[in-house]
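Participant: build me a model:
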Amino acid sequence: MNSPAPPTDSDVLRTLEEVVEKELDRHLAAAREWFPHEYVPWSRGRDFAGELGGEPWAREQSPVGELAATALKVNLLTEDNLPSYHHQFATLFGADGAWGTWVRQWTAEEARHSVVIRDYLLASRAIDPVDLERARMAHMTAAPPPNDVGVLENIAYVAFQELATRISHRNTGRVSGDPVCERLLTRVSMDENLHMVFYRNVLAAALEAEPDRTMRAISRVVSSFAMPGAGIPGFTRAAARMAVGDIYNLRIHHDEVLQPVLRHFDALHRSGLGPEGRRHQDRLGRHLDDLAVQAARFDEHRAVVLSRTAARDRARAGG
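Facilitator: Predicted coordinates for the structure are as follows:
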């Protein structure tokens, strides 16, 4: 007897359609309307050098420190690439029904983030506008990485990525030193949290409907996870600074992103899996153990770097 063919992506989308509709209704009830222009300190604004003959940008004009400026640039360029993300999701999930409605709603809400962060940066002169525009052009005109994985892998990815983005925004606001910036990024983080809850709940439903295939998707995503801004010019150096600055690093990724989402559906201990599901569950557990070791090593490295930096700063102050 031939075994039944595994469900296709179209089958998975149909299976989850009712859950997506329910989660969309829950999201719309929880989301609160807000307006980017109300969070931007327009009174700080003035003309830049160029066509209007304004004042050139200079680093000392910025109300945020260099660490926050680096993170704001990375976060904004990530948000800027929304057209690419929308295209991928609209192609994968479709334009009809609850899935299509959700993709359009998610896109509209995400678009506010790039609007409000850019307006803040320009009005506040927080970072070099010429450097920012050149980086935006380079990032958005580069060929995106292929999205050659299926529906379940994409749902799993955004369940973790939305939480990671929320935490990155929140921590950037915390270190910015500017209450206006922190308030703005707190508002953006609230959107990201609602998006995470949507995808997390859909992923939990997928685990019930297709436990083995979903566990495989989760294991693969967790073991190869990279932030969507990884293609930004200079990302590696910026990410290293953000890691030492405690905006986003291995410790945060392990403790505040992976663990909470996986605990939500008891991924490491759930039963009802077949041989393939149990194999990927074991692989997931081993990866988390390895990541915990890496996070501990990072903690030690970060402590050394911070100690050296503090010693250097004291020496400069004394000189």
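
Participant: for stretch 39-53, C-alpha coordinates in CSV please.
Facilitator: The C-alpha trace of stretch 39-53 is given here as CSV (Å, rounded to 0.1, in the frame of the first residue of the first chain):
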residue,chain,number,x,y,z
TYR,A,39,5.8,61.0,17.8
VAL,A,40,8.2,63.1,15.7
PRO,A,41,9.8,66.2,17.3
TRP,A,42,9.2,68.5,14.3
SER,A,43,10.3,71.6,16.3
ARG,A,44,13.8,70.3,16.2
GLY,A,45,13.9,70.3,12.4
ARG,A,46,15.7,72.7,10.1
ASP,A,47,17.0,72.7,6.5
PHE,A,48,20.0,70.6,5.6
ALA,A,49,22.8,71.6,3.3
GLY,A,50,21.9,71.1,-0.4
GLU,A,51,19.2,72.5,-2.5
LEU,A,52,17.7,74.7,0.3
GLY,A,53,21.1,76.0,1.5
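
Participant: who's in contact with that stretch?
Facilitator: Applying CB atoms under 8 Å, 6 or more residues apart in numbering, the contact partners of stretch 39-53 are 54-57, 63, 116, 119-120, 122-125, 129, 180, 183-184, 187. C-beta coordinates here come from the backbone N, C-alpha and C atoms, glycine included.

Participant: for the record, mean pLDDT for it?
Facilitator: Across stretch 39-53, the average pLDDT comes to 96.

Participant: now it, how far from the chain's geometric center?
Facilitator: 29 Å (CA atoms, centre = their mean, to the nearest Å).

Participant: now do stretch 143-162
Facilitator: Using CA atoms, centre = their mean, the offset of stretch 143-162 from its chain centre is 12 Å.

Participant: check stretch 206-219 too.
Facilitator: Centre-to-centre, stretch 206-219 and its host chain are 22 Å apart (CA atoms, centre = their mean).

Participant: same deal with stretch 68-83?
Facilitator: 10 Å.

Participant: contact partners for the spatially most central residue of the chain?
Facilitator: Central residue of the chain (CA atoms, centre = their mean): Thr165, 2.8 Å from the mean position. Neighbouring residues of Thr165 by CB under 8 Å, 6+ apart: Asn75, Thr78, Glu192, Met227.

Participant: nearest to Glu38 among these?
Facilitator: Glu192 (18.7 Å; CB to CB).

Participant: help me confirm that the closest one comes into contact with Glu162.
Facilitator: Yes: the criterion here is CB atoms under 8 Å, and Glu192 meets it with Glu162 at 5.3 Å.

Participant: burial count for Glu33?
Facilitator: By other CB atoms under 10 Å, 4 other residues sit near Glu33.

Participant: let me fix that: His86
Facilitator: 17.

Participant: tell me if I'm right that it and Val103 touch.
Facilitator: Yes: between His86 and Val103 a contact is recorded at 7.0 Å, counting by CB under 8 Å.

Participant: where does the stretch 1-150 of the chain have low pLDDT?
Facilitator: Residue ranges of the stretch 1-150 of the chain with pLDDT under 70: 1-5.

Participant: quick one: the helices in it?
Facilitator: 9-30, 66-80, 82-93, 97-124, 129-141 (DSSP state H, counting those that start in this stretch).

Participant: how about the stretch 201-319 of the chain?
Facilitator: Going by DSSP H, counting those that start in this stretch, the stretch 201-319 of the chain shows helices at 211-223, 235-244, 250-252, 259-264, 275-318.

Participant: which residues are contacting the fourth one?
Facilitator: Meaning helix 259-264. Residues from elsewhere that reach helix 259-264, judged by CB under 8 Å, 6+ apart: Ala159, Phe160, Leu163, Met196, Arg200, Ala204, Ile218, Val222, Leu268, Leu284, Leu288.

Participant: quick one: that helix to chain centroid distance?
Facilitator: Distance of helix 259-264 from its chain centroid, counting by CA atoms, centre = their mean, is 16 Å.

Participant: mind listing what's buried along that helix?
Facilitator: Val261, Leu262 (16 or more other CB atoms under 10 Å).

Participant: quick thing: my sequence starts at 28, can you match it?
Facilitator: Yep, numbering from 28; the last one is helix 286-291 now.

Participant: what average pLDDT does that helix get?
Facilitator: Taken as a whole, helix 286-291 carries a mean pLDDT of 96.

Participant: extract the C-alpha set from that helix and format it as CSV.
Facilitator: In CSV, the C-alpha atoms belonging to helix 286-291 read as follows (Å, rounded to 0.1, in the frame of the first residue of the first chain):
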residue,chain,number,x,y,z
GLN,A,286,13.0,30.3,24.9
PRO,A,287,9.7,32.2,25.3
VAL,A,288,8.4,31.3,21.9
LEU,A,289,9.4,27.6,22.3
ARG,A,290,8.0,27.4,25.8
HIS,A,291,4.6,28.7,24.5
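
Participant: good, wrapping up.
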